[in-house]
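Student: build me a model from this:
(chains A and B)
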Amino acid sequence: MTDQVLTPVQTEEHQKHTLVALVENKPGVLNRIASLFRRRNFNIDSLTVGRTHRPHVSRMTIVVDSTQANPNLIAANLLKLVNVIEVRVISTQPHVSRDLALIKVRTDSPESRNHVTELCDRYPARIVDIGPEVAIVEIASQEDIVENLIEELRPIGIVEMVRTGVVAMGRGIRIQDSEYEPPTKAKPTTNGYQRFSV
Amino acid sequence: MELTGAEIIMECLLREGVEVMFGYPGGAILPTYDAMTRYPQIHHVLVRHEQGASHMADGYARATGRVGVAIATSGPGATNLVTGLATAMMDSSPIVAITGQVARGAIGSDAFQETDVTGVTLPVTKHNYLVSDVEELAYVIQEAFYIARTGRPGPVLVDVPKDVQNEKIEFVYPENGIRLPGYRPAEQAAEDQVAAAIEMIKHAQRPIILAGHGIMMGRATNELRELSEKAGIPVALTLLGKGAMPENHPMVLGMMGMHGAAACNYAIQESDLLIALGMRFDDRVTGNLKTYAPGAHKIHIDIDPSEINKNVKVDLGISGDVRTVLAQLLPRVEVQQHPDWIARIRDWQEDADERDILHHNTGEHLLGAQVINDLWRFTNGEAITVTDVGQHQMLEAQYYPHQRPATMITSGGLGTMGFGLPAAIGAKFGRPNEEVWAIVGDGGFQMTMAEMATAAQENVDVNIAILNNGFLGMVRQWQEFFYEERYHATPMFNPDFCKLSEAFGIPAMRVTHRNQIEESVAFARSVKGPALVEYAIEKEDIVYPMVPAGADLHNMIRRPKPGEVIQK
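Tutor: Prediction:
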């Protein structure tokens, strides 16, 4: 890997912002968030949802283009949703972000096989499946590095691709976590409903 | 105590202090309607259309500050609530709607009267629930009321499948059943924000306060008045802010915006400091955003952080409860007066007085402005007025000054025609000892006039004033100004409103001359129960001033002074 590849290129006009939201792990929450973006006309680059180490808390990473939407306004609107526990704009602070892509490329000639192998050496990527016709390249890195690799693979012949969208985490001791747990379900034989205070 | 889900709903409503609910029965909500028979403490008002139920709950909520309750069945019952929910959402009115849903096993099967109600109402509610477990029910209803009335209030819908209503469980009311980890109703101002606001107020030469609905919802009327009097700052009101400060107070300039007082709009445009309190810079208030108050620093205090910098970029945004924030500011605000600024505003007001239609000779014509102003006079300015949407609504805002909070109820944000009559019925249930007038146009009235039957069945003492000009007046006004007088789809064939009213058993009177208005008010007051007065007003009247949509706020179309030629 060369330094040149790893230096993110961001121009002022295309400043990306990353928001991380902790949400209740309940049915319909993703729908509420998607509906919010739609009706407020917020254009987003990517949205990912996944579980956390807390069974009742999910985590979303949202990437927006600041020319399309104001990240602070998006954060304020997300916070209005009752099921959203916490939101931070983390791109203003040091953070780690990763986008994972699986890229299926044509490797039906020695040149293309060599080219793909060489690219996997230069990028934080590896070949996870290879046959006489095609290979699957896996990369998990910053979004722009993933995009650079895709551009370099394109002339070789991309036949299929999937990306997860960006996940991100603030560096250091800026911990974003919620200890939320819903109250245990009532036991009718004991005292009915259990008390719970937030 | 073993209770069914339906009985749990009623138990919870009782504990929330609900005394009246507005609704319409149907298959999927029948278990709850049956349970009502065991809870006679809660009065159920049978509406004629579910839209009426949501507007009544809304009117009740706005008149009392408490949560209004609407109830309907699945499918069409629930979808008919939607307009009322959207109305309440736009105007931050706390209502809880309970809807029946098909049984859990049938959800998703396109069962009879099945609709994805939580899906349909998602964008028009503050929050909604589909209750899939009867054990959840008491928590959900408690949360629904809490969410509806706290923070920036709004409508909450609870969808309850029929089999959940029927299921029996051992029930103990959860005394603290709120489980909302991500819900922060309100914050207060940080010290540096308070200090910055004080500095800005201190240095302002031409300040103006913009007071909105939030002043009343946040019960900050006293704090508003104190700020205005102490710092010598005039107050402009939004449509929903009417009543935030007594309108006979010398510092109150009246309503701002598209049909606001001209002095108000000029003052906003020339101010050097806007202090926006509990309002959200609606486009009907700002006109063209690019030229809005160009020389003013702007302070925006609102309970909803997402309103700050949404439409108008501000210099200082404070998200917090307006009463709390004002209480933080007040002790540090310096006593000030701005005599030059006030004098300038008085000049604009005098000019507006000359143009006022009430000071013109209008001959035999009966004008909407005269009707509203006389209603104000003969009700001593003390009635609760509930309007519909259109010219009569703007005339009410201009010619019926209100002295007390929550005495003017109107659909502002959504502009829902048909709101007036049902909301007035709801308001009367909330404040039975007050005189309530529904002031409606002939167009909007016909959208929900079926609720006349509700008023008659419940013998609700609302007075209905129909300003009948035989046109969709406001649309006609736009056609006159902007569509070269092509009056398409605005002239209306109307029923004989008095005969119609009498068919419902509601006494009615028709007024064609100004000298009958006093008598009509006396007539309506003398009727115990609903009464209707039809005012046959000038057909092609115009509400002045008017800021055309998207125009600069100071570029109003003004009513000409006597002798001046009309310029369109």
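Student: check A:S197 and give its pLDDT.
Tutor: Listed pLDDT for A:S197 reads 38.
Student: likewise A:I158?
Tutor: 97.
Student: wait, it touches A:E151, no?
Tutor: No - applying Cβ atoms under 8 Å as the test, A:I158 and A:E151 come out as separate, 10.1 Å apart. C-beta: built from backbone N, CA, C; applies to glycine.
Student: who has more neighbours, the two?
Tutor: A:I158 (15 against 9; other Cβ atoms under 10 Å in any protein chain shown).
Student: for the chain, longest helix please?
Tutor: Here I'm looking at chain A. Longest helix in chain A, counting residues (DSSP state H): helix A:143-157.
Student: wrong chain, I was asking about chain B
Tutor: helix B:339-355.
Student: so what's B:V322 up against?
Tutor: Contact analysis of B:V322 by Cβ atoms under 8 Å, 6 or more residues apart in numbering or on different chains lists B:214-215, B:218, B:220, B:223, B:277-278, B:301-303.
Student: and it, how far from chain A?
Tutor: 17 Å (Cβ to the nearest Cβ, to the nearest Å).
Student: what about that residue, distance to B:H360?
Tutor: Shown here: B:V322 relative to B:H360, a distance of 39 Å by Cβ to Cβ, to the nearest Å.
Student: the closest residue to B:H49 other than its chain neighbours - how many residues pack around it?
Tutor: Once flanking residues are discounted, B:H49 sits nearest to B:A450: 5.6 Å by Cβ to Cβ, 6 or more residues apart in numbering or on different chains. When neighbours are defined as other Cβ under 10 Å, B:A450 has 16 of them.
Student: just to revisit the earlier point, narrow the contacts of B:V322 to those in strands?
Tutor: Among the contacts of B:V322, the members found in strands (DSSP state E) are B:277, B:301-302.
Student: in the longest helix of chain B, what counts as buried?
Tutor: By neighbour count on 16 or more other Cβ atoms under 10 Å in any protein chain shown, the buried set for helix B:339-355 is B:341-342, B:344-345, B:348-349, B:352, B:355.
Student: for the residue nearest to B:H49, give its distance to B:L553.
Tutor: B:A450 is 39 Å from B:L553, where distance means Cβ to Cβ.
Student: repeat for A:V84
Tutor: 36 Å.
Student: swap in B:E175?
Tutor: Per Cβ to Cβ, B:E175 is found 51 Å from B:L553.
Student: name the SS class of B:M509, please.
Tutor: strand (DSSP: H, G, I helix; E, B strand; the rest coil).
Student: wait, what's in contact with residue 132?
Tutor: If you meant another chain, say so; for now it's chain A. Taking Cβ under 8 Å, 6+ apart as the test, what A:P132 contacts is A:107-108.
Student: could you do chain B instead?
Tutor: B:S132 sits next to B:104, B:161, B:164 when contact means Cβ under 8 Å, 6+ apart.
Student: quick one: it and B:E16, what's the gap?
Tutor: 22 Å.
Student: next one: B:Q391
Tutor: Applying Cβ to Cβ to B:Q391 and B:E16 gives a distance of 39 Å.
Student: which one of the two is surrounded by more residues?
Tutor: B:Q391 (25 against 18).
Student: helix or strand for the spatially closest residue to B:P294 that is not a sequence neighbour, which one?
Tutor: Spatially, and ignoring its direct neighbours in sequence, B:P294 is nearest to B:Q269 (7.5 Å; Cβ to Cβ, 6+ apart). For B:Q269, the host element (DSSP states H and E) is helix B:262-270.
Student: touching that helix from outside, list them.
Tutor: For helix B:262-270, using Cβ under 8 Å, 6+ apart, the contacting residues are B:206, B:208, B:210, B:234, B:236, B:253-257, B:274, B:291-296, B:344-345, B:348-349, B:351-352, B:545, B:547, B:552-554, B:556, B:558.
Student: next: stretch B:496-503.
Tutor: By Cβ under 8 Å, 6+ apart, stretch B:496-503 touches B:442, B:445, B:449, B:452, B:464, B:466, B:468, B:507-510, B:532, B:534.
Student: tabulate the CA atom coordinates of that stretch in CSV.
Tutor: What follows is stretch B:496-503 as a C-alpha-only set of coordinates in CSV (Å, rounded to 0.1, in the frame of the first residue of the first chain):
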residue,chain,number,x,y,z
ASP,B,496,-80.5,27.3,2.3
PHE,B,497,-78.4,27.1,5.4
CYS,B,498,-81.3,28.2,7.7
LYS,B,499,-83.6,25.5,6.4
LEU,B,500,-80.8,23.0,6.6
SER,B,501,-80.1,24.0,10.2
GLU,B,502,-83.8,23.7,11.1
ALA,B,503,-83.8,20.2,9.6
